[in-house]
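**Student:** sequence first, predicted coordinates after that:
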Amino acid sequence: MNERSHFQQGHLMIELQGLTKTYAGKNVVDDISLRVESGEFGVLIGPSGCGKSTTLRMINQLIPMSRGRILLGDEDVSRLKPEQLRRRMGYAIQSIGLFPHWTVAENIAVVPNLLKWPRSRIDARIDELMNLFHLAAGEYRDKYPHQLSGGQAQRVGVARALAADPEVLLMDEPFGAVDPLTREVLQNEMLRVHEQTRKTIVFVTHDMDEALKLASKVAILNQGRLVQYDRPIELLVDPADGFVSDFIGKADLGLKLLSRRWVDQYCRPPRLARDRAASRHSWEVDADGRPLALHGGRLSADGETRTAVNGEWIATPEMTMKEALSRMVWFRVMVLPVIDEAGKLIGEVTMEGVMGRQP
Ligand SMILES: Nc1ncnc2c1ncn2[C@@H]1O[C@H](COP(=O)(O)OP(=O)(O)OP(=O)(O)O)[C@@H](O)[C@H]1O
């Protein structure tokens with residue numbers, strides 16, 4: 001977590017008060033009031049055309065509001081000059097990607113350059129951000145956007161939005177254009193970056209799984225109105241109305257709940273080989289404590305079957321339980337090893353644990 005110290009602390013809450021946008025007599029954003037507390041991850045979600053993007057763009061004044069007020073901390077955003085807005089609110093989107101004729105480094109440095117930071121500070125910042133997003137600076141700094149994968153380009157887009165260390169980060173479907181696997185990786189990275197920087201984030205998506213995974217609080221919009229603004233678990237357990245429960249989808253509620261639970265919440269001490277007699281399964285570890293194999297613990301086989309651990313049927317403490325469950329099902333095991341960054345066995349999660357724990 002030593003990266004955390006490079007970002008300023010004390011980010012500001014953002015509050016919408018009666019925010020309204022009228023086009024041709026119709027309120028496409030209709031009297032929305034909500035507050036994303038300092039350091040929280042707020043997500044706006046709703047069907048296509050419900051007003052999510054318009055709301056987000058009113059926050060950074062890309063679209064002028066018709067009525068209402070937006071506060072950043074205790075300041076009225078409408079009083080900020082464009083330069084202050086750019087510095088204090090980062091903005092990452094899916095469609096306007098990067099400037100194609102600028103390198104990764106030049107793209108990340110857009111706002112610091114506008115703010116006329118000294119060269120050395122800009123260079124240090126580029127390195128810091130590339131490091132934060134696990135992009136090897138030596139390899140990617142001078143590459144052009146067309147030389148990047150979709151996921152790398154999105155990382156650069158978010159890095160660019162964070163470059164001037166804004167107090168608020170606005171994100172409009174930033175992972176909309178990447179494949180589902182990359183999307184999952186980027187979401188995990190976003191959670192880590194949020195954890196490290198504690199930015200106040202307002203994030204727009206139409207993907208409920210993404211919202212439940214990322215959000216501290218989710219705002220559900222329908223036809224310009226705010227229908228419910230709650231923590232993910234509360235939305236699932238206590239939806240405000242039929243629209244919310246339909247929108248969330250009842251069918252895989254259990255899985256959605258698990259996408260808001262983390263392995264470290266379910267992790268218990270591992271059963272090691274020496275306890276084998278007492279247990280239907282046990283772990284074999286090497287001299288460094290890394291798991292080598294599972295004895296027993298298969299879905300159908302008898303207790304003595306030895307299954308070698310490979311790089312994929314493992315869990316890490318920050319993985320969602322949905323992901324862990326899906327790995328158990330895929331690899332047909334009742335238990336997964338939980339490993340730390342060094343690959344050492346620190347615990348286990350079991351199918352029984354998933355079933356036994358109330359959401
Ligand atoms: N410049 C405009 N003039 C008139 N109507 C507009 C304008 N911009 C947006 N709208 C309308 O406002 C409504 C909200 O649009 P907005 O883009 O905010 O929706 P959204 O929830 O972000 O949708 P999506 O998920 O499809 O991007 C839509 O009905 C849209 O047609």
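**Tutor:** Arrived safely, thanks for sending.
**Student:** in the stretch 151-300 of the chain, what residue lies closest to the ligand?
**Tutor:** The nearest approach of the stretch 151-300 of the chain to the ligand comes at H206, 5.0 Å away (Cβ to the nearest ligand atom). Backbone N, C-alpha and C define where each C-beta goes, glycine included.
**Student:** give me the neighbour count for that residue.
**Tutor:** Neighbours of H206 under the rule other Cβ atoms under 10 Å: 15.
**Student:** give the contact list for it.
**Tutor:** By Cβ atoms under 8 Å, 6 or more residues apart in numbering, the contact set of H206 is 45-48, 52, 173.
**Student:** now, which of those residues lie within helices?
**Tutor:** Using DSSP state H, the members of the contacts of H206 that fall within helices are K52.
**Student:** export the contacts of H206 as CSV, with columns for distance to T320 and pLDDT.
**Tutor:** As requested, the contacts of H206 are exported to CSV (distance: Cβ to Cβ, whole Å; pLDDT from 0 to 100):
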residue, distance to T320, pLDDT
I45, 18, 95
G46, 23, 93
P47, 25, 91
S48, 26, 90
K52, 24, 96
E173, 21, 90
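**Student:** and stretch 146-166, what's its mean pLDDT?
**Tutor:** What stretch 146-166 shows for mean pLDDT is 89.
**Student:** interface residues of this structure facing the ligand?
**Tutor:** By Cβ under 6 Å from any ligand atom, the residues of the chain that approach the ligand are 23, 28, 46, 48-54, 206.
**Student:** give me the subset of the residues you listed lying in strands.
**Tutor:** 23, 28 (DSSP state E).
**Student:** check the secondary structure at the nearest residue to R225 once chain neighbours are set aside for me.
**Tutor:** What sits nearest to R225 in space, not counting adjacent residues and going by Cβ to Cβ, 6 or more residues apart in numbering, is D30, at 4.9 Å. Here D30 is strand, with the state taken from DSSP: H, G, I helix; E, B strand; the rest coil.
**Student:** I'd guessed D30 sits against V227; true?
**Tutor:** No: when contacts are counted by Cβ atoms under 8 Å, D30 is not listed as touching V227 (11.1 Å).
**Student:** now do the shared contacts for the two.
**Tutor:** Common neighbours of D30 and V227 (Cβ under 8 Å, 6+ apart) do not exist.
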